[in-house]
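In: Here is a sequence with its predicted model. Questions after.
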Amino acid sequence: GAPAELRAEIDARPVLGRLLPGDTDPGTESASGLTQQRLFGSMLGFLAVRPVLLVLEDLHWADRSTRDLLVFLSRMLQTERVLLVGTYRTDDLHRRHPLRRVLAELKLLPSVAAVELTPLDRTEMADYLAALGGTDARIIDEVAERAEGNPFYGAELLEAVTEGSSMTDDLAGLLLSRAEVLSDEAQRVLRGAAVAGRRVDHDLLQEVSGLPDLAFDEAMREIVSRGLLRPDGEYGYAFRHALLQEAVYTDLLPGERIRLHSEFARLLTTRQGSAAVPSNRIPPP
């Protein structure tokens, strides 16, 4: 349990006791009578007792009350000896994600500093994989290339390769979970893009999807807003991470994979044929 001194501070603020798992003393006030203002005020008083480092991880999964607490503390902490750290994954912040508004508000506060963690470079990733127990230089090089600087991906890939597979079930599940929230039309488009490879042209992908213009544009807007594909070049799209393309492609049913490959082959052959002009059809100068 909590140390005696911390427990004493919590007992002095009964509202906080209801936040502890297994707390069996609901007090005299019903839970429905608690207000957010009292709860947040008690939390501020509790944190200000001593120097505190408070870390809120995975804010992209936070509910509304947690986001409200983050904003409250960021605004109210002034002279208190409290360092508040919040972490989130930019890959999970789609265009309409509720955390985006909170982040925009927080970045305007003079007490808030934004720290962007960039991907590991190849040397850093190799050192990280070696620290995890990687000893084969060839495997480390392969994993470092596929992980593209993401430490979590690197750890999962190292485990998979060591066990003789391409990707762990946990990693595949995480990657696919980001695609499963899409509409049926958007998932169909994403599966077609996975068959094309890391990058695909707009027109080619739309033809393979079989969707009319407006439906295809809406599907692409949904996919891009969730960070699964990003615009690439003047008229194309690319997967944000190669492992997502690999996971979506591997998840295809055999018949689905064959059909999509055949459709891409037919369209590419048709395009190449229409682009070729016989020499006897070229008008003289």
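Out: Yep, that arrived.
In: how far away is D91 from L205?
Out: According to CB to CB, to the nearest Å, D91 stands 21 Å off from L205. The C-beta positions use only the backbone N, C-alpha and C, and glycine is treated the same way.
In: more crowded one of the two?
Out: L205 (23 against 15; other CB atoms under 10 Å).
In: Please look at the more buried one and A196 and confirm they touch.
Out: Yes - counting by CB atoms under 8 Å, L205 does reach A196; the two are 6.6 Å apart.
In: Helices of the stretch 101-250 of the chain, residue ranges please.
Out: For the stretch 101-250 of the chain, applying DSSP state H, counting those that start in this stretch gives helices covering 122-131, 137-147, 151-162, 169-180, 184-196, 202-209, 213-225, 242-250.
In: of all the ones you listed, which lies closest to R95?
Out: Nearest to R95, of all these, is helix 213-225, at 3.6 Å by CB to CB.
In: Could you export that closest one as CSV, CA atoms only?
Out: Backbone C-alpha positions of helix 213-225 (Å, rounded to 0.1, in the frame of the first residue of the first chain) are rendered in CSV as follows:
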residue,chain,number,x,y,z
ASP,A,213,-14.9,9.7,-56.8
LEU,A,214,-16.7,11.1,-53.7
ALA,A,215,-16.7,7.8,-51.8
PHE,A,216,-13.0,7.3,-52.5
ASP,A,217,-12.0,10.8,-51.5
GLU,A,218,-13.9,10.4,-48.2
ALA,A,219,-12.2,7.1,-47.6
MET,A,220,-8.8,8.6,-48.3
ARG,A,221,-9.5,11.6,-46.0
GLU,A,222,-10.4,9.2,-43.2
ILE,A,223,-7.2,7.1,-43.8
VAL,A,224,-4.9,10.2,-44.0
SER,A,225,-6.5,11.9,-41.0
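In: between that helix and helix 169-180, how many degrees?
Out: Counting by axes from the mean of the first three to the mean of the last three CA atoms, to 10 degrees, helix 213-225 lies at 140 degrees to helix 169-180.
In: could you measure D184 against H202, distance?
Out: D184 is 20 Å from H202, where distance means CB to CB.
In: Looking at these two, which one has more neighbours?
Out: H202 (16 against 8).
In: Give me the longest helix you can find in the protein.
Out: helix 254-275 (DSSP state H).
In: Which elements pack onto that helix?
Out: helix 184-196, helix 202-209 (3 or more CB pairs under 8 Å, 6 or more residues apart in numbering; DSSP states H and E).
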